[in-house]
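**Student:** Okay, here's the prediction I keep looking at, along with the sequence it came from:
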Amino acid sequence: MYDALTARYTFACPRLEHAHVTLSSFRLLERLPGPAHPAVYGVRFDCGCGEEHRGLVPHDELDWAPLGAQAGPFVDLMTSRTLDAAEELLEVAAAHLRSGTWPWTFFCYPEGRPRPVFPSSFVAVSPGERWLGLAVRCPVCDALSVNLVSRAHVDLPFSNDDAIGVVDHVFADDAVRSVEEFRAELASSRFDERRLHLN
Ligand SMILES: [Zn+2]
Ligand SMILES: [Zn+2]
């Protein structure tokens, strides 16, 4: 369901049969009540057909598939050998982690510091002309923060922006219940620039 080589999740689309979308095409993410192993997330996403659909993503796929954990075999064109993409990608991921780089990072406003995070902590994404509004539930303090980031910052693990925008207030728990509410919050918010280096 996730293709690590194109960084896209596959969902059903009533018009195109399949929708292949990046994380930044997600609009709302919500952990569904029910089984914890694996937990399942309900997402709403903007599809290439022009409409918004709903889809389900298991926790491991949401957080770990972008690191290459489920990538399949591929043919190395230089040697014509078939290699396991998962192994290669996970080696790259491990090297990043050893050097202190996290796949995703956000700036927690109440704590006043950057925090490592996984996509399952993303709550909402709102597309803008140059930047995306990204609402994140902090895995440490549980508060909701909103950052302005690049598309690559969301879509590609280990490509964290150096500097991002941070909304300068704490959000109520229910501030981002719909795409429209989140867009309105962003439009009326002030942003401070913050650096995102963890070390
Ligand atoms: Zn569609
Ligand atoms: Zn926090």
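**Tutor:** All right, it came through fine. Ligands and ions are numbered 1, 2, ... in the order given.
**Student:** residue boundaries of the helices in the chain?
**Tutor:** For the chain, helices defined by DSSP state H occupy the ranges 59-63, 85-98, 151-155, 179-187.
**Student:** and this structure, which residues reach ligand 1?
**Tutor:** Cys13, Arg15, Ala19, Cys47, Cys49 (Cβ under 5 Å from the ion). Glycine gets a C-beta too; all of them are placed from N, C-alpha and C.
**Student:** Sitting in strands, which of these do you find?
**Tutor:** Those of the residues of the chain next to ligand 1 mapping onto strands are Cys13, Ala19, per DSSP state E.
**Student:** how about the residues of the chain next to ligand 1, which pair is most distant?
**Tutor:** Largest separation among those by Cβ to Cβ: Arg15 and Ala19, giving 8.9 Å.
**Student:** one step back: and of the residues of the chain next to ligand 1, the nearest to Pro119?
**Tutor:** Using Cβ to Cβ, these come closest to Pro119 at Ala19, 17.2 Å.
**Student:** Show me just the buried residues among the residues of the chain next to ligand 1.
**Tutor:** By neighbour count, with 16 or more other Cβ atoms under 10 Å, those hold Cys13, Ala19, Cys47 as buried.
**Student:** returning to what we had before: let's have the helices of the chain in JSON lines, adding mean neighbour count.
**Tutor:** Below are these laid out as JSON lines (neighbours: other Cβ atoms under 10 Å):
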{"stretch": "helix 59-63", "mean neighbour count": "19"}
{"stretch": "helix 85-98", "mean neighbour count": "14"}
{"stretch": "helix 151-155", "mean neighbour count": "19"}
{"stretch": "helix 179-187", "mean neighbour count": "16"}
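**Student:** Dump those helices into JSON lines; add distance to Val167 as well.
**Tutor:** Formatted as JSON lines, those follow (distance: least, Cβ to Cβ, whole Å):
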{"stretch": "helix 59-63", "distance to Val167": "24"}
{"stretch": "helix 85-98", "distance to Val167": "28"}
{"stretch": "helix 151-155", "distance to Val167": "16"}
{"stretch": "helix 179-187", "distance to Val167": "8"}
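**Student:** Specify the stretch among those helices that is closest to Cys138.
**Tutor:** helix 59-63 (15.6 Å).
**Student:** which secondary structure elements does that closest one contact?
**Tutor:** Other elements packing on helix 59-63 under the criterion 3 or more Cβ pairs under 8 Å, 6 or more residues apart in numbering; DSSP states H and E are strand 40-46.
**Student:** For the least confident helix or strand in the chain by mean pLDDT, name the packing helices and strands.
**Tutor:** Using mean pLDDT, DSSP states H and E, strand 73-76 stands out as the lowest-scoring helix or strand of the chain, at a mean of 71. For strand 73-76, the elements it packs on are strand 81-84, judged by 3+ Cβ pairs under 8 Å, 6+ apart.
**Student:** Show me what the strand it packs on is packed against.
**Tutor:** strand 73-76.
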